[in-house]
Every structure is written in C-alpha cells, then in structure tokens.
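Chemist: the following block contains a protein sequence and its predicted model.
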Amino acid sequence: MIEATKHFVEWQKMVVIDNNITDWEIKNTGGGDGICLKNSHIIICTPNEYALFLHEVAHAITPKHGHDGYFADRFTGLCKRYLEPKN
Ligand SMILES: [Zn+2]
C-alpha cells in the first residue's frame, strides 16, 4: 500500500484552492491503482501521481466535457502550470 507523501497532499491542497474547487473532497486511498470521480469527490487510488491528480482536477473544472478537446486543453494547461519540466 502506497501512502501519499506530505508534499503530494500539500500540493493537492494548493491546486484545489488555486482552481476554486474547494467544495470538492479529495481522498487518497492508497488501496489500488484505479481512480474515480463522482459527485464532487476525487479519489486517488495511486497517490503521488501528480499528472493523475491534475487529470481529475481537469474533469472537476470541465463538467460534462468527458475527454473532449476542451478538457484536453485545460488538462494540458494544468500540467504546464503545475508540473515541473523533467529535462
Ligand atoms: Zn478522465
């Protein structure tokens, strides 16, 4: 079982406040490798996956868009903003 690191949890809080989704409940279960999202809940079963969390945040801020181009643009924007370049 993977525990969410303190850095990951603090970072999640910052992203949530930054994107005005503080009414959403974020859970890191650490009990598996799936993810799901429903009724203003983001459940991360694989903690410390930063892009995975941003994917769910992108869903939270683009309701009813599924994985369309609008969603993809917002997700890309979040990645550019919050993920440090690897090179
Ligand atoms: Zn998705």
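Modeler: Noted; the coordinates are in hand.
Chemist: for the nearest residue to residue 44 once chain neighbours are set aside, list the residues it contacts.
Modeler: In space, residue 44 comes closest to residue 28 once its chain neighbours are excluded; the distance is 4.9 Å by CB to CB, 6 or more residues apart in numbering. The way it works is simple: take the backbone N, C-alpha and C, and place the C-beta from them, glycine included. Residues near residue 28 by CB atoms under 8 Å, 6 or more residues apart in numbering: 4, 8, 9, 12, 44, 47.
Chemist: wait, the first one sits on residue 46?
Modeler: No: at 9.7 Å, residue 4 and residue 46 do not qualify as touching, with contact defined as CB atoms under 8 Å.
Chemist: tell me which of the contacts of residue 28 fall in strands.
Modeler: residue 44 (DSSP state E).
Chemist: quick one on the thing from earlier: of residue 4 and residue 46, who's got more company?
Modeler: residue 4 (21 against 17; other CB atoms under 10 Å).
Chemist: which ones are touching that one?
Modeler: Per CB under 8 Å, 6+ apart, neighbours of residue 4: 28, 30, 44, 47, 48.
Chemist: backbone phi and psi for it, please?
Modeler: phi -70, psi 130 (degrees, to the nearest 10).
Chemist: re the thing from before, buried subset of the contacts of residue 28?
Modeler: Listed as buried from the contacts of residue 28 are 4, 8, 12, 44, 47; burial here means 16 or more other CB atoms under 10 Å.
Chemist: which residues in this structure form helices?
Modeler: 6-18, 50-61, 69-82 (DSSP state H).
Chemist: now stretch 68-84: buried residues?
Modeler: 71, 74, 75, 78, 82.
Chemist: so what strands line up beside the helix or strand of the chain with the lowest mean pLDDT?
Modeler: One helix or strand of the chain scores below all others by mean pLDDT, DSSP states H and E: strand 35-38, with a mean of 70. With DSSP bridges as the criterion, the sheet partners recorded for strand 35-38 are strand 41-44 (antiparallel).
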